[in-house]
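> Need a 3D model of the sequence below.
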Amino acid sequence: VTDALRDYNAALAIDETNALALKGRASIMIASGQLDAAEPLVQSLLASGAYAADAHFFVGEMARLRGDPEAARVAYGEAISADRRYAPAYASRGLIKQNALDYAGAIEDYSAALNINPQLTTAMAGRCWSNVLMQDGNLGRARSDADAAAQADPRNVQAQLCRGLLQLRAGEWEGAQASYEAALEVEPGNPSALFGRGVARRRSGDNEGRDDMNRARDFEPHIARAFEDLGVRTY
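Model (predicted):
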């Protein structure tokens, strides 16, 4: 990433309107959370008319990260209008719908993304969660999505968390512990991963799993209730 950023900066020093360099640098800035630095790059890209789907997608990502889901949803729609096969915009719009409790709509968008790009792990993980959270959701599909996403990208935290939850519900203690540990390698303080690993350890006979559960409660006091609401017996 550092080398790529240096090259994009060099290209923009020669030609500040170079659309490919604007797109590349904006992508890195957004991924690293530097939204204020990304803003002028994205606006320049929009003004150029090049990479329109990417530009609108970037607008959506910045709005989502700034806590404006409606603006993000609109921007993702504009990205899709610019390119009907722009899978990341479907997946990100699915997340907006999922957070708004529109699980059926989220699944529709996640499925559209996967029809375009069957390897898009963010869409697999998102569809897993929407099916888990949706009343009468397709848990068989949820498990397939979680397994596929975790295998394709072991560092996908949401995929590992969804798979771990389904493994707990199925009594697969060893598998659940492995899924949650994979999530903790990426996010060591993730309360869901800590609590889930603790449940898996405790249910398999390792009473020290309570230490994980108590640490998770320090981050999120109501986490036990959240797991129970999702069908996990925690004791």
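
> Look up the closest residue to S27, ignoring the ones flanking it.
Nearest in space to S27, with sequence neighbours left out and distances taken as Cβ to Cβ, 6 or more residues apart in numbering, is F58 at 7.3 Å. C-beta: built from backbone N, CA, C; applies to glycine.

> list the buried ones in the helix or strand that contains that neighbour?
Using DSSP states H and E, F58 maps to helix 52-65. Neighbour counts over helix 52-65 (16 or more other Cβ atoms under 10 Å) mark 52-64 as buried.

> ok, now stretch 40-52?
Buried positions in stretch 40-52, judged by neighbour count with 16+ other Cβ under 10 Å: 41-42, 44-46, 51-52.

> Neighbours of P191, how many?
19 (other Cβ atoms under 10 Å).

> before we move on, back to that, and the contacts of the helix or strand just after the helix holding F58?
Downstream of helix 52-65, the next assigned helix or strand under DSSP H and E is helix 69-82. Contacts with helix 69-82, where a contact means Cβ atoms under 8 Å, 6 or more residues apart in numbering, come from 52-57, 59-61, 63-64, 86, 89-90, 92-93, 96-97, 99-100.

> Thought L5 was touching I28, still the case?
Yes - with contact defined as Cβ atoms under 8 Å, I28 counts as touching L5 (5.4 Å).

> neighbour-wise, which of the two wins?
A direct count of neighbours by other Cβ under 10 Å for I28 and L5 places I28 higher, at 18 against 14.
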